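1. Any chance you can model this:
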Amino acid sequence: MKLRSVKQARAIWLVNYFDLNPYGTSLFPTIPKIAQKYMFQAVPTKPDELELGKGVNFRGGTFKNDNRAIAVDLTIYGDGLVADTRSSTDDSDVFLNEFLAWMSMEFGLASYQEFLKSKLYLSELWVQTDKVLNSLNPKLDDFAKRLTASIVGRGHQHLEFETSGISFWTDPTIMVNPPGPFRFEREENAPFGEHRYYSAAPLQTDVHLELLTELESILSN
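-> Below is the predicted model:
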């Protein structure tokens with residue numbers, strides 16, 4: 001499985017903002033320093049953009065990790081923070097750790113380690129493989145041919161169907177805020193001959209890639 005690019009690498013840290021800010025430090029005066037430190041191109045400028053329930057958005061920022069300049073977006077909610085990069089969830093984690101440590105020193109917020117409840121992830125990747133999902137079961141190939149035969153002659157040009165996506169879900173009724181699905185499907189608007197796929201998973205980027213490699217192995221057998 002060859003990685004073509006990272007669409008999104010999101011880290012979600014669930015931590016109560018009011019625990020981090022027990023003395024009610026105003027967020028508004030911190031915005032210029034946050035914007036300056038991380039070079040955010042879009043920041044809140046009005047009081048109604050500081051509603052934690054809707055999310056306080058900082059867009060088009062940059063930070064460094066291992067001497068690499070990494071683009072980052074940040075959203076602050078009342079119950080957590082979300083960092084988005086296009087490199088890896090590890091980088092998103094590094095940013096949140098650096099950001100919260102800096103906020104603690106610069107503005108007297110509490111240390112997040114005491115209050116961090118959990119970390120969640122979303123990894124979205126574009127990958128390439130010459131394996132096809134029909135190989136999961138020969139009956140899928142037979143069904144695709146049957147579907148193709150049913151369409152031909154009904155005013156359509158000749159088409160050939162194939163299995164183009166699979167997904168794995170948890171039961172959404174057994175927990176609050178269940179993780180998102182694992183998805184693997186043909187990339188939209190990409191010719192089949194380019195062998196390009198989109199995949200999303202509620203996982204760290206490196207674990208996501210490991211599972212895609214395992215899936216490719218399954219498709220090879």
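2. buried set for stretch 112-128?
-> 112, 116, 119, 120, 121, 122, 123, 124, 125, 126, 127 (16 or more other Cβ atoms under 10 Å). C-beta: built from backbone N, CA, C; applies to glycine.
3. For the residues you listed, please prepare TSV with the additional fields secondary structure, distance to residue 69 and pLDDT.
-> Shown next, in TSV, are the buried residues of stretch 112-128 (DSSP: H, G, I helix; E, B strand; the rest coil; distance: Cβ to Cβ, whole Å; pLDDT from 0 to 100):
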residue	secondary structure	distance to residue 69	pLDDT
112	helix	24	93
116	coil	27	95
119	strand	24	96
120	strand	26	96
121	strand	22	98
122	strand	23	98
123	strand	21	98
124	strand	21	98
125	strand	21	98
126	strand	22	97
127	strand	25	98
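4. Pick the one among the residues you listed closest to residue 17.
-> Closest approach between these and residue 17, by Cβ to Cβ: residue 112, at 10.3 Å.
5. can you pull the contacts of that closest one?
-> 13, 15, 20, 100, 101, 104 (Cβ atoms under 8 Å, 6 or more residues apart in numbering).
6. if you look at these, which of them are in helices?
-> Among the contacts of residue 112, the residues falling in helices (DSSP state H) are 20, 100, 101, 104.
7. Domain map for this structure?
-> For the chain, automatic domain parsing gives the domain ranges 11-120, 124-220.
8. quick one: terminal-to-terminal distance for the last one?
-> Read it as domain 124-220. End-to-end span of domain 124-220 (Cα to Cα, to the nearest Å): 23 Å.
9. returning to that earlier point: quickly compare the domains of the chain and say which is most buried.
-> Of all the domains of the chain, domain 11-120 carries the top mean neighbour count, a mean of 16, counting by mean count of other Cβ atoms under 10 Å.
10. Scan this protein for its longest strand.
-> If you go by DSSP state E, the chain has its longest strand at strand 2-14.
11. Pull up the pairing partners for that strand, direction included.
-> strand 80-85 (antiparallel), strand 118-128 (antiparallel) (DSSP bridges).
12. And for the lowest-mean-pLDDT helix or strand in the chain, what's in contact with it?
-> Using mean pLDDT, DSSP states H and E, helix 138-151 stands out as the lowest-scoring helix or strand of the chain, at a mean of 89. If you take Cβ under 8 Å, 6+ apart as the criterion, helix 138-151 is touched by 133, 134, 135, 159, 160, 161, 162, 163.
13. Show me which of those residues is closest to residue 205.
-> Distance to residue 205, by Cβ to Cβ, is smallest for residue 133 among these, at 22.5 Å.
14. what sits against that closest one?
-> Per Cβ under 8 Å, 6+ apart, neighbours of residue 133: 140, 162, 163, 164, 165, 166, 184, 219.
15. same thing with residue 219?
-> 129, 131, 132, 133, 135, 136.
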